[in-house]
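In: how would this look folded up:
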Amino acid sequence: MTKMTPSLVMIAVTAALVGCNQSEAQDPKVTINKNPYPSTYQVLPSTKTIIKNATVLTGTGEKLENADVIMIDGKINAVGKNLAEDGATIVDAQGKWVTPGIIDVHSHLGVYPSPNAESHNDGNEMTNPITAEVWAEHSVWPQDPGFNRAREGGVTTMQILPGSANLIGGRGVTLKNVPSESMQAMKFPDAPYGLKMACGENPKSLYGSRSELPMTRMGNMAGYRQAFIEATEYKRAWDKYEADYAAGKNAAAPKRDLTLDTLKGVLEGEILIHNHCYKAEEMVMMIDLGKEFNYHSGTFHHAIEAYKIADTLAENGNCAAMWPDWWGFKLEAYDMVLENVAIVDSVKNSCAVVHSDSPVTIQRLNQESAKIMHNANANGFNYTEEQAISWITVNAAKSLGIADKTGSLSVGKNADVVIWNVNPFSVYAKAEQVFIDGAKVFDHQDTRYQAQSDFLLGQE
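Out: Numbers count the residues shown, from 1 in each chain. Presented below is the predicted three-dimensional model:
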């Protein structure tokens, strides 16, 4: 047997080490564009404005009498009494009320427009129980007259969601309620995406009628779990690719999958869950599902039985977006109490929200909240306007992940403001003027600020 001399052994070892350290030239890194349809929103022209002598509900639990609000460069500049600002346009709001702009976390405007027509029913992709690959924004028709009607009701921001036919129905999008020819020009800059999920009767009834999974609630749960198992593996593959590429290896990128891109975004905390879910035990299961796959279970929508688990929701940091009095239209919506929102709100660290899910209700979310306040106070609660306004402003902003930008009349936040003719919780309340980022977008007395959809032009 031939033996190598020591010098030859060293040469061989050195050559082997050099070969190991010589990495193959890396191909260009593959990256996923997480925002391929970015906002093109531009703040409308505005002037320095001071609203004087109003009753102001700040959205942070304060009610200020004879107070002023200053808006400069699209932001809330100051809130208080006897304020002044050189060169400001003065709006005398004596006897009127001022609130933050209303935020609706659950709307289908633009994807189920009004007037309703089959050719424009674009909210439910009822082709598979898991359709996380679809994005509601790609169905939004910005000429929906419902956007204008909502603005007249003081709504400045809204989340447009897919429908609830599927276990996972797709991404929602948060919009600023400004007149526009494109969805992108309405898109709220830097607002996180939402992911619409649905519990209970809707998915199991639809797919069960086709003899497909899910046919039962246990089938629903299995469907969610399988989807997030696949998403976990997908995320692991991309994480490994990122690590290998950073280490200088010429790694092969995983194959792109639009469905798993969205679910990966949930696992990474970039996409917020919005879950159509009525029953208490199902909401608890969805909280546990989030814990199993290490994501937050987000906001429960409709949440008819939220009052039963108000402490659990608060402890886990879940918002509940609810109606004041819709119930009984199907079995899972049967066990309702009119104090539902108030009970949820009464728990420390809670997040109670009032939502519409209706092109009509969105026009009067202030009065929907008034109904809750009335029913709650008639049954032992003691809610005031300064507390109730949070259900359609700051709590809604928290649900959408934009509370740092809007939802209250706090200095530095976007100047999304509504001037009401009377107490906004009155049946006689009307939004007289509406501002988005300090720019007037509606004026009850001025037709220049009463936008009409192009679709309606020439219809009368």
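In: Look at Ile76 and report its pLDDT.
Out: pLDDT recorded at Ile76 is 98.
In: now do Leu456
Out: Residue-level pLDDT assigned to Leu456 equals 77.
In: and the residue nearest to it when sequence neighbours are not counted, how many neighbours does it have?
Out: Sequence neighbours aside, Pro145 is the residue nearest to Leu456 in space, at 5.7 Å (criterion: CB to CB, 6 or more residues apart in numbering). C-betas here are computed from N, CA, C, even on glycine. Pro145: 19 surrounding residues under other CB atoms under 10 Å.
In: do the one 10 residues further on as well
Out: Val155 sits with 29 neighbouring residues when counted by other CB under 10 Å.
In: Surely Pro45 and Asp437 touch.
Out: No. Between Pro45 and Asp437 there is no contact under CB atoms under 8 Å: 10.5 Å.
In: who has more neighbours, those two?
Out: Per other CB under 10 Å, whichever of Pro45 and Asp437 has more neighbours is Asp437, with 24 against 8.
In: Next, the contact list for that one, please.
Out: 43-44, 46, 74-75, 176, 414-416 (CB atoms under 8 Å, 6 or more residues apart in numbering).
In: same thing but at 10 Å, please
Out: By CB atoms under 10 Å, 6 or more residues apart in numbering, Asp437 lies in contact with 41-44, 46, 71, 73-75, 101, 156, 176, 178, 405-406, 414-417.
In: State the distance from the residue nearest in space to the middle of the chain to Pro192.
Out: Nearest to the mean C-alpha position of the chain, counting by CA atoms, centre = their mean, stands Leu400 at 3.6 Å. Look at Leu400 and Pro192: by CB to CB, to the nearest Å, they are 8 Å apart.
In: same deal with His120?
Out: His120 is 27 Å from Pro192, by CB to CB.
In: And His274, by the same measure?
Out: Counting by CB to CB, the gap from His274 to Pro192 is 11 Å.
In: Past the worst-scoring helix or strand of the chain on mean pLDDT, which element shows up next along the chain?
Out: Least confident helix or strand of the chain, by mean pLDDT, DSSP states H and E, is helix 6-21 with a mean of 42. Using DSSP states H and E, the helix or strand that follows helix 6-21 in sequence is strand 49-57.
In: Quickly run through the sheet partners of that following strand, with directions.
Out: strand 63-72 (antiparallel), strand 89-92 (parallel), strand 97-100 (parallel) (DSSP bridges).
In: Provide the contact partners of the second one at residue level.
Out: Residues outside strand 89-92 that contact it (CB under 10 Å, 6+ apart): 46-54, 68-69, 71, 84, 98, 419, 432-433, 435, 440.
In: List the buried residues of it.
Out: Within strand 89-92, the residues that count as buried by 16 or more other CB atoms under 10 Å are Val91.
In: how about the longest helix seen in the chain: buried residues?
Out: Of all segments of type helix in the chain, defined using DSSP state H, the longest is helix 217-246. Residues of helix 217-246 classed as buried: 217, 219-221, 223-224, 227-228, 230-232, 234-235, 238, 241, 245 (neighbour count, 16+ other CB under 10 Å).
In: now for those, which pair is the farthest apart?
Out: Using CB to CB, the pair of the buried residues of helix 217-246 lying farthest apart is Arg217 and Tyr245, separated by 42.4 Å.
In: of the contacts of Asp437, buried ones?
Out: Here, 16+ other CB under 10 Å leaves 41, 43-44, 46, 71, 74-75, 101, 156, 176, 178, 405-406, 414-417 buried among the contacts of Asp437.
In: who does Ile51 bridge with?
Out: Beta-bridge partners for Ile51, by DSSP bridges, are Val69, Val91.
In: okay, it: pLDDT?
Out: Taking Ile51 on its own, its pLDDT is 98.
In: Surely it is in contact with Thr99?
Out: No. Using CB atoms under 10 Å, Ile51 is not in contact with Thr99, being 11.2 Å away.
In: hey, what's in contact with both of those two?
Out: 409, 417, 419.
In: Filter those down to just the ones in helices.
Out: Per DSSP H, the subset of these in helices is empty.
In: With pLDDT and distance to Pro324 added, can I get those residues in JSON lines?
Out: Putting these into JSON lines (pLDDT from 0 to 100; distance: CB to CB, whole Å) gives the following:
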{"residue": "Leu409", "pLDDT": "98", "distance to Pro324": "24"}
{"residue": "Val417", "pLDDT": "98", "distance to Pro324": "24"}
{"residue": "Ile419", "pLDDT": "98", "distance to Pro324": "24"}
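In: and which of these is nearest to Asn340?
Out: Among the shared contacts of Ile51 and Thr99, and counting by CB to CB, the member closest to Asn340 is Leu409, at 27.3 Å.
In: what about the closest one, how many neighbours?
Out: Neighbour tally, Leu409, other CB under 10 Å: 28.
In: What of Ala388?
Out: 26.
In: For Asp345, see how far away it is.
Out: 9 Å.
In: shared neighbours, those two?
Out: Shared contacts of Ala388 and Asp345, counting by CB under 10 Å, 6+ apart, come down to 352, 372, 376.
In: what's the closest of the residues you listed to Ile130?
Out: Ala352 (29.9 Å).
In: The closest one and Ala342 touch, don't they?
Out: Yes. Ala352 lies in contact with Ala342 (CB under 10 Å); the separation is 7.8 Å.
In: joint contacts of those two?
Out: 310, 372, 388, 391.
In: Of the residues you listed, which is the most crowded?
Out: Trp391 (30 neighbours).
In: tell me the SS of that residue?
Out: Classification of Trp391 by DSSP: H, G, I helix; E, B strand; the rest coil places it in helix.
In: I figured it hits Asn340, correct?
Out: No. When contacts are counted by CB under 10 Å, Trp391 is not listed as touching Asn340 (11.6 Å).
In: anything in contact with each of those two?
Out: 322, 324, 352, 372.
In: Next, give me the two most distant ones among these.
Out: Top of the distance list for the shared contacts of Trp391 and Asn340 (CB to CB): Pro324 and Ala352, 11.3 Å.
In: out of the two, which sits in the busier spot?
Out: Ala352 (28 against 24).
In: The nearest residue to the more buried one once chain neighbours are set aside - how many residues pack around it?
Out: Distance criterion CB to CB, 6+ apart; nearest residue to Ala352, sequence neighbours excluded, is Asp345 at 3.7 Å. Per other CB under 10 Å, the neighbour tally for Asp345 reads 25.
In: Sounds good, over and out.
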